[in-house]
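Enquirer: output the structure for:
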Amino acid sequence: MTYRRFSISTLNMTAAVNATKRMSAMDVVQCARQAALEDMAGFSFNGTCTAYRFGKKLCSCSTEEPVIYVTNSSVSYETPSTVPFSAAPYVNVTVENTGFKQYKLVNFFLDVIATPIVPPLYIPYVAPYGHIFPQDDGTYRGIGISDLDLASCVTDSPCGLTVLVSTTRPAYYLLNECGRTIELTADFSKSDRVMVYSHPGFGCKAFPDGPAYNCTVTFTSTTSTFGFIFSGEYFMDAAKTCDGYTLRATSGSKSIDLCLNNLSVNGKTTITLRGQALAKAFKAGFYLAFYK
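Expert: So this is what the prediction gives:
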């Protein structure tokens, strides 16, 4: 059995290993022989020989420390692709006495959507409202739950981006619901917020500038305080326009141009997206966070 050097963070190592075995060895060569005799997929030697079995493949693009030794068959060389949320593997982890599910993402627009540093002591307070990104240096960054369509961005590849999730929300996608009236009361029985993203994959996949859109969706609820908060900062271009699109919210007698406003609206609302992109510049998309 042949082993190769491999770099992996302690966090990813913990998530990948499902069995360890301590063995007697004087050096790396003896440790490799012992691991091979036990048919172990990897080992490390730092004065003590420890062999490993992995529950999943390791990412070939890893450049982190520390260094271990693994069989080539233990490494994945694939490009991450999305899987249904129900099929996405996760690991239960605890950070600062707070429970999370650790998923992998195909991508996240780290250079577009702000990810401020979250001091460890703040993690229990951030967890109900945000997702946490562990960093290689042991620090953490965070985003609001609204800033990521988690269900459309998860992968089963070890090469995905690690994210810690405490809370999820029901989600709809405007471009998938054209012509429909959606009653949100049942969703509000499960969550205090219901997300409506411009498209599947907000946060990891760009808004699809395709043919001209003419999409109208109405949202309603029996909840008396029902309304939404709109965020379009990642949909607008440098001139603060919607790049040829019109995006309006109609509620009662009011009709509001959402391309001019990040605002909140109460009551039954119809959202209309029309037009075609002029420049077809990158746009992350937009979202509406409905509340009860």
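Enquirer: for residue 271, list each beta-bridge partner.
Expert: Residue 271 has these beta-bridge partners by DSSP bridges: residue 217, residue 249.
Enquirer: near it, how many other residues are there?
Expert: 24 (other CB atoms under 10 Å). Every residue, glycine included, has its C-beta placed from N, CA and C.
Enquirer: my guess is it meets residue 247, correct?
Expert: Yes: taking CB atoms under 8 Å as the definition, residue 271 is a contact partner of residue 247 at 7.5 Å.
Enquirer: who touches both of those two?
Expert: Overlap of the contact sets of residue 271 and residue 247 (by CB atoms under 8 Å, 6 or more residues apart in numbering) consists of residue 258.
Enquirer: residue 203 and residue 159: what is the separation?
Expert: Distance of residue 203 to residue 159, given as CB to CB, to the nearest Å: 18 Å.
Enquirer: neighbour-wise, which of the two wins?
Expert: Using other CB under 10 Å as the criterion, residue 203 and residue 159 rank with residue 203 on top: 25 against 19.
Enquirer: pretty sure the more buried one is touching residue 149, no?
Expert: Yes: assessed by CB under 8 Å, residue 203 is found in contact with residue 149 at 5.7 Å.
Enquirer: measure the nearest residue to residue 165 once chain neighbours are set aside to residue 279 for me?
Expert: Spatial nearest neighbour of residue 165, chain neighbours left out: residue 101 (4.9 Å); criterion: CB to CB, 6 or more residues apart in numbering. Separation of residue 101 from residue 279 (CB to CB): 39 Å.
Enquirer: next one: residue 50
Expert: Separation of residue 50 from residue 279 (CB to CB): 55 Å.
Enquirer: the more surrounded of those two?
Expert: Neighbour tally, residue 50 and residue 279, criterion other CB under 10 Å: the higher count belongs to residue 50, 19 against 13.
Enquirer: the more buried one: which element?
Expert: strand 49-54 (DSSP states H and E).
Enquirer: what's the burial count for the nearest residue to residue 252 once chain neighbours are set aside?
Expert: Spatially, and ignoring its direct neighbours in sequence, residue 252 is nearest to residue 267 (6.4 Å; CB to CB, 6+ apart). Using other CB under 10 Å, residue 267 has 15 other residues around it.
Enquirer: same deal with the one 10 residues further on?
Expert: By the other CB under 10 Å criterion, the neighbourhood of residue 277 contains 18 residues.
Enquirer: the one 10 residues further on now?
Expert: Under the neighbour criterion other CB under 10 Å, residue 287 is assigned a count of 26.
Enquirer: and the nearest residue to it once chain neighbours are set aside, its phi and psi?
Expert: Excluding the flanking residues, the one nearest residue 287 by CB to CB, 6+ apart is residue 197, at 4.9 Å. Main-chain torsions, residue 197, degrees, to the nearest 10: phi -90, psi 150.
Enquirer: partners of residue 197 in the sheet?
Expert: On the basis of DSSP bridges, residue 197 is bridged to residue 173, residue 287.
Enquirer: residue contacts, it?
Expert: Shown in contact with residue 197 (CB under 8 Å, 6+ apart): 149, 171-174, 285-287.
Enquirer: now those residues in JSON lines, with pLDDT and distance to residue 12?
Expert: As requested, the contacts of residue 197 are exported to JSON lines (pLDDT from 0 to 100; distance: CB to CB, whole Å):
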{"residue": "149", "pLDDT": "98", "distance to residue 12": "24"}
{"residue": "171", "pLDDT": "98", "distance to residue 12": "28"}
{"residue": "172", "pLDDT": "98", "distance to residue 12": "33"}
{"residue": "173", "pLDDT": "98", "distance to residue 12": "31"}
{"residue": "174", "pLDDT": "98", "distance to residue 12": "35"}
{"residue": "285", "pLDDT": "95", "distance to residue 12": "29"}
{"residue": "286", "pLDDT": "96", "distance to residue 12": "33"}
{"residue": "287", "pLDDT": "96", "distance to residue 12": "30"}
